[in-house]
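Novice: here is my input; please provide its structure:
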Amino acid sequence: VQLQASGGGLVQAGGSLRLSCASSGSIFSLHRMGWFRQAPGKQRELVAVVTSGGKTSYPDSVKGRFTISRDNAQNTVYLQMNSLKPEDTAVYYCAAAPRVGVPYDYWGQGTQVTVSS
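Specialist: Predicted structure coming up:
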């Protein structure tokens, strides 16, 4: 499975962006699809997860603003980001964990999101 992230860019605070993560193979059976981000000088942070069953979870820092979804037919995962803040500025990565209890084994290249104040 190869993942390709896209959709990053420069946006003003309060704006929106939608990131896409296209897979070269089927994502239907992949247990968890996630979006991570890493800002300069900071640790990588998980910002959204969606399971094969459609369950989603978010940290408090993005809850209510970010929405993750997966389209198994298109082998694509999306991250809709609304009400963006300057602190959301980071490189965003998509990743996949194939089974329950295993780490994220597949990673896409990052896409830069910059939120100006």
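
Novice: contacting residues around the one residue sitting closest to the centre of the chain?
Specialist: Central residue check for the chain by CA atoms, centre = their mean: the C-alpha nearest the mean position is that of Trp35, 2.5 Å away. If you count contacts by CB atoms under 8 Å, 6 or more residues apart in numbering, Trp35 has them with 19, 21, 46-49, 66, 68, 77, 79, 92-95. Where you see a C-beta, it was placed from the backbone N, CA and C, and this is true even at glycine.

Novice: nearest to Ser57 among these?
Specialist: For those, the residue nearest Ser57 by CB to CB is Val49; the value is 5.1 Å.

Novice: bridged to that closest one, which residues?
Specialist: Here Val49 shows beta-bridge partners Gly34, Ser57, assigned using DSSP bridges.

Novice: can you start the count at 713 instead of 1 from here on
Specialist: I'll keep to 713 as the first residue from here, and by that count the last item is Val761.

Novice: tell me the confidence at it?
Specialist: With respect to pLDDT, Val761 scores 98.

Novice: can you select the buried ones from the contacts of Trp747 in ChimeraX?
Specialist: In ChimeraX, this line selects whichever of the contacts of Trp747 come out buried by 16 or more other CB atoms under 10 Å:
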select :731,733,759,760,761,778,780,789,791,804,805,806,807
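
Novice: tell me who's in contact with the nearest residue to Val814 once chain neighbours are set aside.
Specialist: Residue nearest to Val814 in three dimensions, not counting chain neighbours: His743, with 7.9 Å by CB to CB, 6 or more residues apart in numbering. Applying CB under 8 Å, 6+ apart, we find His743 in contact with Thr763, Ser764, Ala809, Pro810, Arg811, Val812, Val814.

Novice: out of these, flag the one nearest to Gly727.
Specialist: The shortest distance between Gly727 and any of the contacts of His743, using CB to CB, involves Thr763 and amounts to 28.7 Å.
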